[in-house]
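Undergrad: based on what follows, work out the 3D shape:
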Amino acid sequence: MRIALFDQYRIGIVDGASVRDVTDVVDSRWHGTPYVINQLIEHFDKLKEPLRTALATAPERSLAEVTLLPPIPRPGQVLAAPANYHAHVAEMTDSQYRPTNQQALRSPSDVGFFVKSSASISGPADAIELPPMPGRAFHHEVELGIVIGKPARGVPAEQVTDHIFGYLVLLDLTLRTEGERQEERTMRKSFETFTPIGPFIVTADEVPDPSNVGLRLWVNDELRQQANTRDLIVGIDDLIAQASSVVTLWPGDIYATGTPEGVGPIEVGDVVRAEIDGLGELSLPVVKRNW
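TA: Residues are numbered from 1 along each chain as shown. As a prediction, the model looks like this:
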């Protein structure tokens, strides 16, 4: 299934260019709230049959006439793997934006993960808003996002698949500067609109091999990033197993698996387009923040 959130936090099942409203399968007390999707994910096993029934009679609307929201507006946690493609490790090691006192980048199995604020989440209909910070650079990073479906605590790698609900396109926007002046990573990656996700969640059963999907990113139609998840240094199962050994992962949590080489700057007026095979596309204007 391709599960979207639209308009006033309505849940939709996307089929081609249309969406069917199945919000009523979730307890009505969650309707109209950003947490309605978290409830669907948490209780999905029990709701599969009601979903099938609802789809038979659900009202259908064109995607063109609805506003797609972030498919998970309020994830409890947003975790991310640092430097998880060898070519990206190389480009950042040689980058002007790498602090001179920073030790050589290592595998995420050594480094672990970092945290992004869930308040940085935005969606397919939102612009990327750059804060007014003269002399600073803002970089794009396209990543495969994993959506957790069942609580995961101390889960071994071979059991991780049972805890994954689905996948989505994710951008990890980053504030950078040259030399020693580097704020804490969490802050640099947590400005509002710095984690666009969407356009919908594709459930795991429709992604037969997430370790072999292509991802691409363009800025103003210039191809900047192109890679395949088979090039990940640390695979999906090991990433989630490691995170679950540190904190419990909950339904609706998101894990960003790392970005490939080609990271570069974006500016006000640009259009950033990101695509992952089978997961859809995000096309987002870059604007100046107005607050």
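
Undergrad: and Val247, which of the three is it?
TA: Three-state assignment for Val247 (DSSP: H, G, I helix; E, B strand; the rest coil): coil.

Undergrad: quick one, what contacts it?
TA: Contact partners of Val247, counting by CB atoms under 8 Å, 6 or more residues apart in numbering, are Gln77. Where you see a C-beta, it was placed from the backbone N, CA and C, and this is true even at glycine.

Undergrad: could you rerun that using 10 Å?
TA: Applying CB atoms under 10 Å, 6 or more residues apart in numbering, one finds that Val247 lies in contact with Gly76, Gln77, Leu79, Phe113, Val115, Ala152, Arg153, Asp253.

Undergrad: how about low-confidence regions in the stretch 1-150 of the chain?
TA: Under the criterion pLDDT under 70, the flagged ranges of the stretch 1-150 of the chain are 88, 92-109.

Undergrad: verify the stated contact: Leu51 with Asp21.
TA: No. Using CB atoms under 10 Å, Leu51 is not in contact with Asp21, being 11.8 Å away.

Undergrad: identify the contacts common to those two.
TA: Counting by CB under 10 Å, 6+ apart, the common neighbours of Leu51 and Asp21 are Ile11, Ile13, Ala58.

Undergrad: ok, back up a step: farthest-separated two in the contacts of Val247?
TA: When CB to CB is used, the two most widely separated members of those are Val115 and Arg153, lying 17.4 Å apart.

Undergrad: name the member of the contacts of Val247 with the most neighbours.
TA: Asp253 (27 neighbours; other CB atoms under 10 Å).

Undergrad: that one contacts Val115, doesn't it?
TA: No. Here Asp253 lies out of contact with Val115, judged by CB under 10 Å, at a distance of 11.0 Å.

Undergrad: between the two, what contacts are shared?
TA: Between them, Asp253 and Val115 share the neighbouring residues Gln77, Val78, Leu79, Val247, with contact defined by CB under 10 Å, 6+ apart.

Undergrad: among these, name the ones in strands.
TA: Secondary structure assignment (DSSP state E) places Val78, Leu79 from the shared contacts of Asp253 and Val115 within strands.

Undergrad: list just the nearest of the shared contacts of Leu51 and Asp21 to Glu183.
TA: Minimum distance to Glu183 across these is 36.9 Å, recorded for Ile11 (CB to CB).

Undergrad: so the closest one is in which element?
TA: strand 10-15 (DSSP states H and E).

Undergrad: the helix or strand following that strand pairs with which strands?
TA: Of the helices and strands lying after strand 10-15 in sequence (DSSP H and E), the nearest is strand 18-21. According to DSSP bridges, strand 18-21 forms sheet pairs with strand 10-15 (antiparallel), strand 60-62 (antiparallel).

Undergrad: can you point out the buried residues in the first one?
TA: Yep, that's strand 10-15 we're talking about. Buried residues in strand 10-15, defined by neighbour count with 16 or more other CB atoms under 10 Å: Arg10, Ile11, Gly12, Ile13, Val14.

Undergrad: so how far is that strand off the chain centroid?
TA: In terms of CA atoms, centre = their mean, to the nearest Å, the centre of strand 10-15 is found 18 Å from the chain centre.

Undergrad: over to stretch 257-271?
TA: Per CA atoms, centre = their mean, the displacement of stretch 257-271 from the mean C-alpha position of its chain is 14 Å.

Undergrad: before we move on, what about stretch 6-16?
TA: Taking the mean of its C-alpha atoms, stretch 6-16 sits 18 Å from the chain's own mean (CA atoms, centre = their mean).

Undergrad: who's in contact with Tyr9?
TA: Thr23, Trp30, His31, Gly32, Thr33, Pro34, Tyr35, Val36, Ile37, Leu69, Pro73.

Undergrad: emit the PyMOL select command for whichever of the residues you listed are buried.
TA: PyMOL command restricting the contacts of Tyr9 to the buried ones, with burial defined by 16+ other CB under 10 Å:
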select buried, resi 23+30+34+35+36+37+69+73
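
Undergrad: distance of the residue lying closest to Lys150 once chain neighbours are set aside relative to Val207?
TA: Setting aside the residues directly before and after it, Lys150 is nearest to His163 in space (CB to CB, 6 or more residues apart in numbering), at 4.7 Å. Distance check for His163 against Val207: by CB to CB, to the nearest Å, it reads 15 Å.
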